[in-house]
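Student: sequence first, then the predicted structure:
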Amino acid sequence: MGDSTESQALIKVPVSELTLGMFVCAVDNHGKVAIANAGRIRGQEAITKLVKNGIKHVWVNAQRSSDCCGLKKKTITPPRPSAEKLVPSRDLQQTQAKKILGEAKHLIRKVLSETFEGKAIEVAPFEALADNMIEAVLLDADALKCVSALRSKDAYLLEHSVNVAFLLVTFGKYLKLERETLRQMAIGGILHDIGKIKVDNEVLHKPGKLTQEEFEHIKLHQVYALEIMAETQGLSQTSKDVCLMHHEKLDGKGYPRGLKDEQLPLHGRMSCIVDIFDALTATRCYKEAMSPAAAFKILLSLTPFHLDQGLVYEFIRCIGIYPVGSLVMLSDGRIGIVWESTGRDALHPVVKCFYSLKHKRYIDVTMVDLLKVDLNIDRGVSPSSLEIDPTPFY
């Protein structure tokens, strides 16, 4: 379920009131939202099937339903021309963000396949992708943050690579680094796990704890990365550093080179922080996603011997206590997605509420501006702790 326009077009309808032509986006299956049955109702058998499955309510999109259904559709008034530079709507930015992230995953998948076959990496496509990513962050970082928060444990390597690049650009922008540096960091972030293509798949995706021998095998991905980087023409030193330093530690006990202190430049230290944070907040085959707040605690526990303490604090300030795209519980018991934070303090974002923890059920989607109501964020939460699926509401 998209942002404002699409969300406002969603109506919760009892199955008994469904008619032909209505466009069903999701079903409320005993308190859990499922989107597998999304589509227009074309026959009575579809309604009968919902009834047999015990479905009481569904979410219908009025804008995408047939006119004969009688649902009131939202009239979209074109904006008036302005002498000022027009800023694209959040809807448009969400669509663009999804396109960028989709292109990024497609490119990484292609390069992983070619690298596995022994082909050299071409840098030019990554440069274009990095430029698009920077433009998106500069124009509306919130949209890209929301889209990147959608994770799948089955596509971890692809999504992790894209997210590390995006987080490096976001962090670099916060630290006021030059645009060319952001560009080269993004390229390095996209390629930072390229060596894993040569790691044994069973070890890489093992659901249980790794043995010491298996862990040593995983560490070889950085040795493979060294070889791949050496054969890649046109890759900047900054991009190589991001790729080859994200497992180094300030005390020299990291790998592959055991670099320490001043041997690790700023962008190398940043890559260590970003890589760990994204890994902690992602769902993996062997663990559930951690809340950003819990991940921040772990980052701080790794200072000052592993991570740069000053940079970790700067990263937390950059991302925010409640990052856009993360789940929070408000003081009235509603659960929602942190939707907008640009130009606001960390405690008063706009939250897209969709679930009531108090009543244990999904509710009508509501945008709550914490600057305008007498509510506050009680705490950050992870989807696994609530046993709900927020995916349809992004």
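Tutor: Good, I have the coordinates. On a predicted model such as this, the values are computed, not experimentally measured, just so you know.

Student: so who does residue 49 touch?
Tutor: Not one residue lies near residue 49 by Cβ atoms under 8 Å, 6 or more residues apart in numbering. (C-beta placed from N, C-alpha, C; glycine too.)

Student: typo on my end, it should be residue 186
Tutor: Neighbours of residue 186 in contact, by Cβ under 8 Å, 6+ apart: 129-130, 133-134, 165-166, 168-169.

Student: doesn't residue 11 lie inside a helix?
Tutor: No: according to DSSP: H, G, I helix; E, B strand; the rest coil, the state of residue 11 is strand, so it is not within a helix.

Student: what pLDDT does it get?
Tutor: Note for residue 11: predicted pLDDT of 79.

Student: still on that earlier bit, would JSON lines of the contacts of residue 186 with secondary structure, pLDDT and distance to residue 188 be doable?
Tutor: Output for the contacts of residue 186, formatted as JSON lines (DSSP: H, G, I helix; E, B strand; the rest coil; pLDDT from 0 to 100; distance: Cβ to Cβ, whole Å):
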{"residue": "129", "secondary structure": "helix", "pLDDT": "87", "distance to residue 188": "12"}
{"residue": "130", "secondary structure": "helix", "pLDDT": "90", "distance to residue 188": "9"}
{"residue": "133", "secondary structure": "helix", "pLDDT": "88", "distance to residue 188": "13"}
{"residue": "134", "secondary structure": "helix", "pLDDT": "88", "distance to residue 188": "14"}
{"residue": "165", "secondary structure": "helix", "pLDDT": "93", "distance to residue 188": "8"}
{"residue": "166", "secondary structure": "helix", "pLDDT": "91", "distance to residue 188": "13"}
{"residue": "168", "secondary structure": "helix", "pLDDT": "96", "distance to residue 188": "8"}
{"residue": "169", "secondary structure": "helix", "pLDDT": "94", "distance to residue 188": "11"}
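
Student: now the residues you listed in a markdown table, with distance to residue 256?
Tutor: Listed next are the contacts of residue 186 as a markdown table, based on distance: Cβ to Cβ, whole Å:
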| residue | distance to residue 256 |
| --- | --- |
| 129 | 26 |
| 130 | 24 |
| 133 | 27 |
| 134 | 29 |
| 165 | 21 |
| 166 | 25 |
| 168 | 20 |
| 169 | 25 |
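
Student: closest to residue 184 among the residues you listed?
Tutor: For the contacts of residue 186, the residue nearest residue 184 by Cβ to Cβ is residue 130; the value is 7.9 Å.
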